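>>> have a look at this prediction, sequence included:
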Amino acid sequence: MDRVPVKPHVLRWARERSGIRYENLTRRFKKLPEWEEGKTSPTRKQLHSFADAVHVPYGYLFLREPPEESIPIPDFRTVEGQPVKKPSPNLLETIYVCEERQDWYREYMINSGRSHLDFVGTASIESSTKQVASAITDRLGFAPFELNEKATIDSSCSQFIRHIEEIGVLVMVSGVAGNNNHRRLDTKEFRGFALADDYAPLIFVNGTDAKVAQMFTLSHELAHIWLGESALSNVDVTVTNHGSRQEEVWCNKVAADFLVPLKVLRDKLHRNIDPSHQLDRLTSIFKVSKLVILRRLLDAQIIDRGFFNSAWASEMSHTATEKRVARGGGNFHRTVLTRASPTFARALVESTLEGNTLHRDALDMLELPKLETFKKFVDFLHKT
């Protein structure tokens with residue numbers, strides 16, 4: 001039997017990197033303990049299966065030492081003021097896929113004779129956050145708080161994304177890596193990232209997050225585009241100056257000024273009603289979480305620090321214990337469109353049908369399994 005010589009510690013690294021429970025892997029690969037102890041080696045077929053199972057490129061398993069994997073964009077995430085280490089395979093793969101799409105779309109835009117986007121990189125962290133938020137609102141021609149109070153958060157988020165795409169920013173929203181529903185992205189690891197570019201700026205949002213949180217992430221990452229800086233963020237509304245990157249603090253302030261302008265907040269408040277009894281109504285108006293509303297009420301000096309601390313702790317406790325209901329089903333093709341960005345997907349399909357892009361490359365960038373699936377996706381686009 002054809003055994004493949006691999007280093008036991010490389011196999012152990014690949015297993016640990018995957019985050020998959022040891023017991024789960026040994027049920028599928030009975031000889032895994034012996035492989036890791038160097039008592040025997042896997043066959044080529046077994047090694048291929050193992051690489052697929054732990055989401056590691058097959059060639060990595062032949063290295064003498066595990067590779068040093070680093071996040072290819074600036075990492076602004078922090079936990080308790082400290083940088084986050086050891087990115088998961090799901091996160092790395094998601095960034096790589098988005099970078100590949102961005103590279104293709106940038107070339108497509110240039111070859112099509114399109115102009116660069118003049119708003120990318122027009123701000124700095126010395127810029128007034130209110131002025132930048134106003135510039136974003138003017139450019140989009142949209143502000144979430146102007147929507148009907150009865151508009152659902154889902155429809156509000158969809159409208160927000162549509163306006164962002166209309167100004168030339170690609171928006172990709174997915175809760176999984178590789179179109180694989182068994183590889184869910186973890187909001188504890190990241191909530192979103194921005195890939196700045198003057199032809200093909202891109203925002204990725206972790207779709208497993210609540211919609212109100214996605215609204216804040218979109219706004220935060222849009223601020224990064226205005227800065228002209230790529231960044232990976234955990235986009236925690238609790239981010240303050242202590243132990244946090246100044247870029248993240250600045251982007252949070254821009255997002256808050258964009259979503260909940262203090263003047264508008266004051267106008268929407270009922271003066272004769274306690275602010276604590278208005279939180280639900282205010283979240284419906286501004287399409288944000290209660291945490292954001294509480295922060296803005298404090299910024300506006302409408303509530304004092306004591307009330308804020310008490311209400312914040314209560315809401316954080318509620319958020320921590322709240323169970324989200326996983327959504328299943330849905331339209332597969334519409335999901336592909338959301339995950340890949342409608343603007344990008346339509347451009348890629350057009351280029352492929354015109355013979356300028358190989359079908360193989362289109363399948364890879366859309367993460368579709370076969371040509372027949374691509375043809376059905378094209379039919380879906382033609383009908384929408």
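Now that the structure is in, tell me what you want to look at.
>>> list the contacts for Leu140?
Counting by CB atoms under 8 Å, 6 or more residues apart in numbering, Leu140 touches His163, Ile164, Glu166, Ile167. (Glycine included, C-beta is placed from N, CA and C.)
>>> contacting residues around the helix or strand hosting His382?
Using DSSP states H and E, His382 falls within helix 371-383. Helix 371-383 has contacts (CB under 8 Å, 6+ apart) with 333-334, 336-337, 345-346, 349, 352-353, 359, 362-363, 366, 368.
>>> now list the buried members of these.
Neighbour-count burial (16 or more other CB atoms under 10 Å) is assigned, among the contacts of helix 371-383, to His333, Val336, Leu337, Ala345, Val349, Thr352, Ala362, Leu363, Leu366, Leu368.
>>> what comes into contact with stretch 219-228?
119-125, 132, 135-136, 164, 169, 192-194, 196, 198, 201, 203-205, 230-231, 233, 235, 247, 250-252, 254-255, 258-259.
>>> list the contacts of the closest residue in space to Thr357 that isn't next to it in sequence.
Spatial nearest neighbour of Thr357, chain neighbours left out: Ser351 (4.3 Å); criterion: CB to CB, 6 or more residues apart in numbering. Taking CB under 8 Å, 6+ apart, we find Ser351 in contact with Tyr108, Thr357, Ala362.
>>> run a quick neighbour tally on Thr187.
Thr187 has 18 neighbouring residues, counting by other CB atoms under 10 Å.
>>> before we move on, what about the one 4 residues further on?
Taking other CB under 10 Å as the criterion, the count of residues near Arg191 is 25.
>>> next one: Leu279
16.
>>> from Gly19, how far off is the nearest residue to it once chain neighbours are set aside?
In space, Leu279 comes closest to Lys290 once its chain neighbours are excluded; the distance is 5.1 Å by CB to CB, 6+ apart. Applying CB to CB, to the nearest Å, the value for Lys290 to Gly19 is 32 Å.
>>> then Ser112?
41 Å.
>>> what does Pro72 give?
From Pro72 to Gly19 the distance is 20 Å (CB to CB).
>>> ok, now Thr335?
Thr335 is 24 Å from Gly19, by CB to CB.
>>> who has more neighbours, those two?
Thr335 (18 against 13).
>>> go ahead and list the helix or strand containing that one.
helix 332-340.
>>> next: Ile285.
Applying DSSP H and E, one finds Ile285 within helix 279-286.
>>> just the CA atoms of that helix, as PDB, please.
These are the backbone C-alpha positions of helix 279-286, laid out as PDB (Å, rounded to 0.1, in the frame of the first residue of the first chain):
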ATOM      1  CA  LEU A 279     -35.200  52.200  24.100                       C
ATOM      2  CA  ASP A 280     -37.300  49.800  22.000                       C
ATOM      3  CA  ARG A 281     -38.800  52.700  20.000                       C
ATOM      4  CA  LEU A 282     -35.400  54.300  19.500                       C
ATOM      5  CA  THR A 283     -33.900  51.000  18.200                       C
ATOM      6  CA  SER A 284     -36.700  50.800  15.700                       C
ATOM      7  CA  ILE A 285     -36.100  54.300  14.500                       C
ATOM      8  CA  PHE A 286     -32.300  54.000  14.200                       C
END
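>>> contact partners of that helix?
Contacts for helix 279-286 (CB under 8 Å, 6+ apart): 144-145, 149-150, 212, 259-260, 265, 268-269, 289-290, 292-294, 311.
>>> quick one: the strands in the chain, in order.
Here the chain has its strands, by DSSP state E, at 78-79, 82-83, 170-174, 192-195, 202-206, 231-233.
>>> could these go into TSV alongside distance to Pro8, mean pLDDT and mean neighbour count?
Listed next are the strands of the chain as TSV, based on distance: least, CB to CB, whole Å; pLDDT from 0 to 100; neighbours: other CB atoms under 10 Å:
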stretch	distance to Pro8	mean pLDDT	mean neighbour count
strand 78-79	32	63	15
strand 82-83	30	61	10
strand 170-174	35	97	23
strand 192-195	35	96	27
strand 202-206	35	97	26
strand 231-233	32	91	25
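>>> mind checking which of those is nearest Leu92?
strand 231-233 (10.6 Å; CB to CB).
>>> the helices in the stretch 101-250 of the chain, which residues?
In the stretch 101-250 of the chain, the segments counted as helices under DSSP state H, counting those that start in this stretch are 129-140, 153-166, 211-227, 246-259.
>>> tell me the angle the third one makes with strand 170-174.
Between helix 211-227 and strand 170-174, the angle formed by their directions is 150 degrees, by axes from the mean of the first three to the mean of the last three CA atoms, to 10 degrees.
>>> got the angle between helix 211-227 and helix 279-286?
Going by the same axes, to 10 degrees, helix 211-227 makes 50 degrees with helix 279-286.
>>> average model confidence for helix 211-227?
Helix 211-227 comes out with an average pLDDT of 96.
>>> relative to helix 129-140, how tilted is it?
100 degrees.
>>> distance from the chain centre to helix 211-227, please.
10 Å (CA atoms, centre = their mean, to the nearest Å).
>>> using CSV, write down the CA coordinates of that helix.
Output in CSV follows, covering the C-alpha atoms of helix 211-227 (Å, rounded to 0.1, in the frame of the first residue of the first chain):
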residue,chain,number,x,y,z
LYS,A,211,-28.8,42.3,11.8
VAL,A,212,-28.6,45.3,14.1
ALA,A,213,-25.0,44.4,14.7
GLN,A,214,-24.4,44.1,10.9
MET,A,215,-25.7,47.6,10.5
PHE,A,216,-23.0,48.9,12.8
THR,A,217,-20.4,46.7,11.1
LEU,A,218,-21.3,48.0,7.7
SER,A,219,-21.0,51.6,9.0
HIS,A,220,-17.7,50.9,10.8
GLU,A,221,-16.1,49.3,7.7
LEU,A,222,-17.4,52.0,5.5
ALA,A,223,-15.4,54.4,7.7
HIS,A,224,-12.3,52.3,7.0
ILE,A,225,-13.0,52.8,3.3
TRP,A,226,-13.1,56.5,3.8
LEU,A,227,-9.8,56.2,5.6
